[in-house]
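> Dropping the sequence and predicted coords here.
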2 protein chains.
Amino acid sequence: MLSRSEERLLRALQRRKARESQGFFLAEGVRVAEALVRTGIALELAIVSTTLEDTPRGRQLQDALAARVSLRIVPERVVRASAATENPQGVLVVARAPVALLADVRVNTHSRLLVCDAVQDPGNLGTLIRVADAFAAAAVILLPGTVDAWNPKVVRSAAGSSFHLPLVSASVADLSAWLRQHRFLTLGAAPGGAALEPESLPARAALIVGNEGAGLSEETQALVDRMVRIDMPGHAESLNVAVAAGILLYLLARGET
Amino acid sequence: MLSRSEERLLRALQRRKARESQGFFLAEGVRVAEALVRTGIALELAIVSTTLEDTPRGRQLQDALAARVSLRIVPERVVRASAATENPQGVLVVARAPVALLADVRVNTHSRLLVCDAVQDPGNLGTLIRVADAFAAAAVILLPGTVDAWNPKVVRSAAGSSFHLPLVSASVADLSAWLRQHRFLTLGAAPGGAALEPESLPARAALIVGNEGAGLSEETQALVDRMVRIDMPGHAESLNVAVAAGILLYLLARGET
């Protein structure tokens, strides 16, 4: 069973304020826990169900966790009751949330950035982080109004990518100065934009995506050097934000090679 | 207030069995309701919050609904309590679920299909339907094990696209015969596949995407003529299924023009 203080900690970490004051986050699900245990991120506590070791993959994960952190083995229902996501697959890990600043972002000759402006759905932000990781973005920048990157549902949707690249919270003003200093061209997705021609882009490009309903805020639109569109021959008026970012980051990555 | 039988109907429609036996589905949220009211789909009942008409957009939607269906105006909390999605934005509509068969799919010189094999997350299926609509697929085919296309969360994520193209449930055997009869080339997404070269594809192509964890089933793999890959220069091992389908359907649509 879990102690009272462990129960309290798990409940608290479902709230952004508690995550920020305590510096921890919750990683749920087999795939996310596997990705986490391969990193150097400090682990605080792992809770696994008694049935996790029933599969070879689960046993391997349990062994890897046991080698690094204090492990509580509890009934499956306790794991579920303590989890923030619907199906935690028998594993929750409490770990120290990495903190990254703009100064930590490594800029190379060819750098791509993904900037999220008031993205509100945790599943969308997690999928955006996964897409940024897949197409080798140097970082994901989170502007004010965006859901917390260490929300357990975001971490779950990111499928391990949260641990692969810096997730940086920044103000529009700070980001603007930093992008100028490092000579990034900023792209915004908009139906009225130009077709994206990766060949004509500079080596450093930042793609800005906006809120699911409202799109880019006025303040953020002022950052955009070039609006780009995705040609859609069908009926849908728009794409899901993570799908749109996926297509554009794919095209940007392909343009480099 | 709602009558007992209306309350019962709304609760029942959160379950697949009741949807199938009654032939209705629940559309929730402003955008979905707006798309629905523009179609010829038969509406059964609309429930809107007393605050919907506080905005011009809400008032317009309420008027459009009132012109077509019996309207209940209730407190916001009643709308929330009756909804299957987290934030129904003050509007729920009960409507007749369209039924489509393989024979209803219109096949042209250039046709693209999206086939979903045991896709389980409602948000993913809805986003897949939206992507298929955006890139002008002729239909979305749902193989056994896939979440119900008329699940309220699927309808919500599809953002109105559910009403724009046929959503067809079919067995692998029936689909296989139909694809052969209509000379479709079938593509499956897999890391070991070939690069997609839209120029070299026949006019008719069906993209098959699989379960979020397990990928394509063995039975479905046997349908695939060509495995295609998406080059990912970064760290993520895979993409979200809807993002992957978005990139491939974008490339397929662009190859046509």
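Good, I have the coordinates.

> measure residue A:127 to residue A:242 for me?
Going from residue A:127 to residue A:242 by CB to CB, to the nearest Å gives 4 Å. In this view, the C-beta of every residue, glycine as well, is placed from N, C-alpha and C.

> Quickly list what's touching both of the two.
Residues touching both residue A:127 and residue A:242 (CB atoms under 8 Å, 6 or more residues apart in numbering or on different chains) are B:240, B:242, B:243.

> so how many other residues sit close to the closest residue to the second one other than its chain neighbours?
Pointing back at residue B:242 there. Take residue B:242 and drop its neighbours on the chain: the residue closest to it by CB to CB, 6 or more residues apart in numbering or on different chains is residue B:127, 3.8 Å away. Residues contacting residue B:127 under the criterion other CB atoms under 10 Å in any protein chain shown number 30.

> can you check residue A:102 too?
When neighbours are defined as other CB under 10 Å, residue A:102 has 18 of them.

> Next up, the contacts around it.
Listed by CB under 8 Å, 6+ apart, the contact set of residue A:102 reads A:141, A:168, A:170, A:174, A:175, A:178.

> helix, strand or coil for the closest residue to it other than its chain neighbours?
Excluding the flanking residues, the one nearest residue A:102 by CB to CB, 6+ apart is residue A:178, at 4.7 Å. Following DSSP: H, G, I helix; E, B strand; the rest coil, residue A:178 is assigned to helix.

> do the same with the one 10 residues further on
Of the three states, residue A:188 takes strand under three-state DSSP.

> surely it meets residue A:229?
No - look at residue A:188 against residue A:229 with CB atoms under 8 Å: they stay out of range, at 10.1 Å.

> more crowded one of the two?
Of the pair residue A:188 and residue A:229, residue A:188 is the one with more neighbours under other CB under 10 Å, namely 22 against 15.

> and the gap between that one and residue A:25?
30 Å.

> what's the answer for residue A:142, then?
Distance, residue A:142 to residue A:25, using CB to CB: 14 Å.

> same thing with residue A:231?
Distance from residue A:231 to residue A:25, counting by CB to CB: 39 Å.

> cool, and residue A:118?
Computed as CB to CB, the residue A:118 to residue A:25 distance reads 21 Å.

> What of residue A:67?
Residue A:67 sits 21 Å away from residue A:25, going by CB to CB.

> Pick out whichever of those two has more residues nearby.
Taking other CB under 10 Å, residue A:67 and residue A:25 do not tie; residue A:25 has more neighbours (25 against 9).

> need the contact list for the residue lying closest to residue A:42 once chain neighbours are set aside.
Among residues not flanking residue A:42 along the chain, residue A:96 sits closest, at 4.1 Å (CB to CB, 6+ apart). In this structure, residue A:96 makes contact with A:23, A:24, A:41, A:42, A:43, A:44, judged by CB under 8 Å, 6+ apart.

> what about 10 Å?
Contacts for residue A:96 were tallied using CB atoms under 10 Å, 6 or more residues apart in numbering or on different chains; they are A:22, A:23, A:24, A:25, A:41, A:42, A:43, A:44.

> just residue A:223 next, same as before
By CB under 10 Å, 6+ apart, the contact list for residue A:223 reads A:115, A:117, A:143, A:172-173, A:175-176, A:179-180, A:184, A:186, A:188, A:206, A:208, A:216-217.

> Show me where chain A has its helices.
For chain A, helices defined by DSSP state H occupy the ranges A:4-12, A:16-22, A:30-37, A:56-66, A:76-82, A:122-134, A:152-158, A:172-181, A:218-221, A:241-256.

> contact partners of the first one?
Residues from elsewhere that reach helix A:4-12 (CB under 10 Å, 6+ apart): A:1-3, A:18-19, A:21-22, A:24, A:26, A:44-45, A:47, A:70, A:72, A:74, A:78-79, A:81-84, A:92, A:94, A:152.
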